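**Q** Provided below are the primary sequence and the corresponding predicted coordinates.
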Amino acid sequence: MLSRMAARLVIYLTLFTSGPVMSQAAVLPEERLDTMYHSYDGGGVEVDGPALLVRKNFAEKVSVAAAYYADAVSSASIDVLTTASPFTDDRTESGLSIDYLRRNTLMNLSFSTSDEEDYQADTVNLGLAQELFGGMTTLTLGYSVGNDVVSRVDNEFEDEIDRYSYHLGLSQILSKTLLLNVDYEAIADDGFLNSPYRVARILGAFVPERYPRTRESQALTFRALKYLQSGKSVRAEYRRFWDTWDISADTLEFGFNKYFGRRWLMELRYRYYTQDAASFYGDNFPAEQNFMARDKELSTFTSNSLGGKFSYTFLQDGDGALGRGTFTFSYDSIEFDYDDFTDIRNGKLFSFDADVIQLFISLWY
Amino acid sequence: MRALSSIAIASLLVATSALWGCGAKPWVKPYEREKLADPIMAFSRDPLSDKHRQHVYEVREAARGAGVSQGGGCGCN
């Protein structure tokens, strides 16, 4: 399947880069610098750190972006508290992305690498965005391939995962105030897909988890964005997800944006997520079976998120040589409720709340 | 999965090719797109912020893919 899809992708890339072009030319992404502090606190896990994204354009043809992201993790999650000892870990991720613009076609090549003590991941991504019909339609294609190395900090265990992703997207201007977007992505994984630390339960006794070594998933997202009067917009998104582990999930998200004067911009958002468990998930297996997981991320659960983002424009176009500058505070409160994952300390179904905070400064130049 | 992905790709390609072949004209002219160019009409207004939010959810949920930080910007996952 993978080689066939890759062959199709090459054909489509050739088709769209060699086809007729319309009058409206595509443009490079905006030159911009973002520096962010991010924080997650929930379920006994605390993660925080800095992140940076900077983009510079050259000769109106080439755009180069560099990204850096760091996590400092302090974990006393339910898995850790019930089967291991609390730990701390650091993860850093860096990436480089190059875009090349040729008439209405934007080609992208990017690379990212992520490092932590017991997990290393490298990903290469090829992308293409083609504007059609005078800029009314944008078709995007993407292919990425990744290799992860999974290990343990306390012994010599090491294994690998190969990852392949195929992405197809279509954005459409429907009217002067309405945008639509459809995204499809298929992901195939091959390798050691479970945590080397986590355990399953058989009649209350702990045994190492065993997952299939392959997983193929698909996701289809529909988005709509509508401009309302007086500087307001509303956004709606729906994603359907399904995979070969029999997990299916639905995500629904709504957003509302509003300006307050010339300097303040507010976004309010709500997100609902629900999923069914993997076919080999069990809270407490009655007997041993080929594949066994007790990862709560593979269980049946729902989550609700309520959040907002508030931006203050401290520098407006025309104020100086720098361009525009904003300071943004973002907050989400997430509630997770599990249907078939129990807290073995008290025998009750598990649930927890999390707070996600971002503080960032953006500069356009 | 193979059949569904083939259908999705084929549908988008056929729809796009049909419009392309007909020489479809833009019904919203470039000078009528002022509102669409407003930052509040971007599916991802802050790529770094959206990428972090997406990461927070992907680590804790089984679903993945077709996210908003997908297209453009730093393609790194």
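**A** Looks like it came in fine. Numbering: from 1, shown residues only, chains lettered A, B, ... in the order given.
**Q** what stretches of chain B score poorly on pLDDT?
**A** B:1-24, B:69-77 (pLDDT under 70).
**Q** and with 80 instead?
**A** B:1-25, B:69-77 (pLDDT under 80).
**Q** what ranges do the helices span in it?
**A** Taking DSSP state H as the criterion, chain B carries its helices at B:2-21, B:47-60.
**Q** CA atoms of the shortest one as CSV?
**A** Yep, that's helix B:47-60 we're talking about. Below are the C-alpha coordinates for helix B:47-60, written out as CSV (Å, rounded to 0.1, in the frame of the first residue of the first chain):
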residue,chain,number,x,y,z
PRO,B,47,1.4,28.1,14.2
LEU,B,48,3.7,27.6,17.2
SER,B,49,0.8,27.9,19.6
ASP,B,50,-1.4,25.5,17.6
LYS,B,51,1.4,23.0,17.3
HIS,B,52,1.8,22.9,21.0
ARG,B,53,-1.9,22.5,21.6
GLN,B,54,-2.0,19.7,19.1
HIS,B,55,0.9,18.0,20.8
VAL,B,56,-0.8,18.2,24.2
TYR,B,57,-3.8,16.3,22.8
GLU,B,58,-1.9,13.8,20.6
VAL,B,59,0.1,12.6,23.6
ARG,B,60,-3.1,11.9,25.6
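**Q** which outside residues touch that helix?
**A** A:34, A:36, A:38, A:40, A:51-53, A:67, A:69, A:273, A:297, A:303, A:309, A:328, A:330, A:332, A:334, A:336, A:356, A:358, A:360, B:44, B:64, B:67-69, B:72-74 (Cβ atoms under 8 Å, 6 or more residues apart in numbering or on different chains). (C-beta placed from N, C-alpha, C; glycine too.)
**Q** what are the buried residues along that helix?
**A** B:Pro47, B:Leu48, B:Ser49, B:Asp50, B:Lys51, B:His52, B:Arg53, B:Gln54, B:His55, B:Val56, B:Tyr57, B:Arg60 (16 or more other Cβ atoms under 10 Å in any protein chain shown).
**Q** how about stretch A:107-116?
**A** Here stretch A:107-116 shows A:Met107, A:Asn108, A:Ser110, A:Phe111, A:Ser112, A:Thr113, A:Ser114, A:Glu116 as buried, counting by 16+ other Cβ under 10 Å.
**Q** from those residues, which are also near chain B?
**A** A:Asn108, A:Ser110, A:Phe111, A:Ser112 (Cβ under 8 Å from any Cβ of the partner chain).
**Q** export those as TSV, with columns for pLDDT and secondary structure.
**A** Shown next, in TSV, are these (pLDDT from 0 to 100; DSSP: H, G, I helix; E, B strand; the rest coil):
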residue	pLDDT	secondary structure
A:Asn108	97	strand
A:Ser110	97	strand
A:Phe111	97	strand
A:Ser112	97	strand
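**Q** give me the neighbour count for A:Glu60.
**A** Other residues near A:Glu60 number 10, with proximity taken as other Cβ atoms under 10 Å in any protein chain shown.
**Q** quickly note the distance from it to A:Gly135.
**A** 17 Å (Cβ to Cβ, to the nearest Å).
**Q** picking that back up, check the ones next to chain B among the buried residues of stretch A:107-116 and tell me the two furthest apart.
**A** Using Cβ to Cβ, those span at most 12.5 Å, a distance reached by A:Asn108 and A:Ser112.
**Q** neighbouring strands for the helix or strand in which A:Lys226 is found, and are they parallel or not?
**A** Applying DSSP states H and E as the criterion places A:Lys226 in strand A:214-228. Partner strands and pairing direction for strand A:214-228 (DSSP bridges) are strand A:178-191 (antiparallel), strand A:232-243 (antiparallel).
**Q** out of those, nearest to A:Leu139?
**A** strand A:178-191 (10.4 Å).
**Q** got the buried residues for the closest one?
**A** For strand A:178-191, by 16+ other Cβ under 10 Å, it's A:Leu178, A:Leu179, A:Asn181, A:Val182, A:Asp183, A:Tyr184, A:Glu185, A:Ala186, A:Ile187, A:Ala188, A:Asp189, A:Gly191.
**Q** now stretch A:272-291
**A** For stretch A:272-291, by 16+ other Cβ under 10 Å, it's A:Tyr273, A:Thr274, A:Gln275, A:Asp276, A:Ala277, A:Ala278, A:Phe280, A:Tyr281, A:Gly282, A:Asp283, A:Phe285, A:Phe291.
**Q** what residues does it touch?
**A** A:200-204, A:207, A:210-212, A:241, A:245-253, A:292-295, A:298-305, A:340-342, B:57, B:61-63.
**Q** what subset of the residues you listed is buried?
**A** Neighbour counting with 16+ other Cβ under 10 Å marks A:200-202, A:211-212, A:241, A:245, A:247, A:249, A:251, A:253, A:292-295, A:298-303, A:305, A:341-342, B:57, B:61-63 as buried within the contacts of stretch A:272-291.
**Q** can you list which of those are found in strands?
**A** A:200-202, A:241, A:249, A:251, A:253, A:301-303, A:305, A:341-342 (DSSP state E).
**Q** could you identify the most distant pair in these?
**A** A:Ile202 and A:Glu253 (38.2 Å).
**Q** tell me who's in contact with A:Phe336.
**A** A:Phe336 neighbours (Cβ under 8 Å, 6+ apart): A:Gly42, A:Gly43, A:Phe301, A:Thr302, A:Ser303, A:Ser351, A:Phe352, A:Asp353, A:Ala354, B:Arg60.
**Q** before we move on, the earlier item: now the buried residues of strand A:178-191 as CSV including distance to A:Ser94 and pLDDT?
**A** Shown next, in CSV, are those (distance: Cβ to Cβ, whole Å; pLDDT from 0 to 100):
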residue, distance to A:Ser94, pLDDT
A:Leu178, 38, 96
A:Leu179, 32, 96
A:Asn181, 28, 96
A:Val182, 31, 97
A:Asp183, 25, 97
A:Tyr184, 28, 97
A:Glu185, 23, 97
A:Ala186, 27, 98
A:Ile187, 22, 98
A:Ala188, 25, 98
A:Asp189, 23, 98
A:Gly191, 23, 98
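**Q** returning to what we had before: possible to save the buried residues of stretch A:272-291 as TSV with secondary structure, distance to A:Trp364 and pLDDT?
**A** As requested, the buried residues of stretch A:272-291 are arranged in TSV below (DSSP: H, G, I helix; E, B strand; the rest coil; distance: Cβ to Cβ, whole Å; pLDDT from 0 to 100):
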residue	secondary structure	distance to A:Trp364	pLDDT
A:Tyr273	strand	33	98
A:Thr274	strand	38	98
A:Gln275	strand	38	98
A:Asp276	coil	43	98
A:Ala277	coil	45	98
A:Ala278	coil	44	98
A:Phe280	coil	49	98
A:Tyr281	strand	46	98
A:Gly282	coil	51	97
A:Asp283	coil	50	97
A:Phe285	strand	55	97
A:Phe291	coil	50	98
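**Q** just those now: which is nearest A:Arg152?
**A** A:Phe291 (20.3 Å).
**Q** could you check how far the residue lying closest to that closest one once chain neighbours are set aside is from chain B?
**A** Closest residue to A:Phe291 apart from its sequence neighbours, by Cβ to Cβ, 6 or more residues apart in numbering or on different chains: A:Phe280 at 3.7 Å. Distance from A:Phe280 to chain B, counting by Cβ to the nearest Cβ, to the nearest Å: 12 Å.
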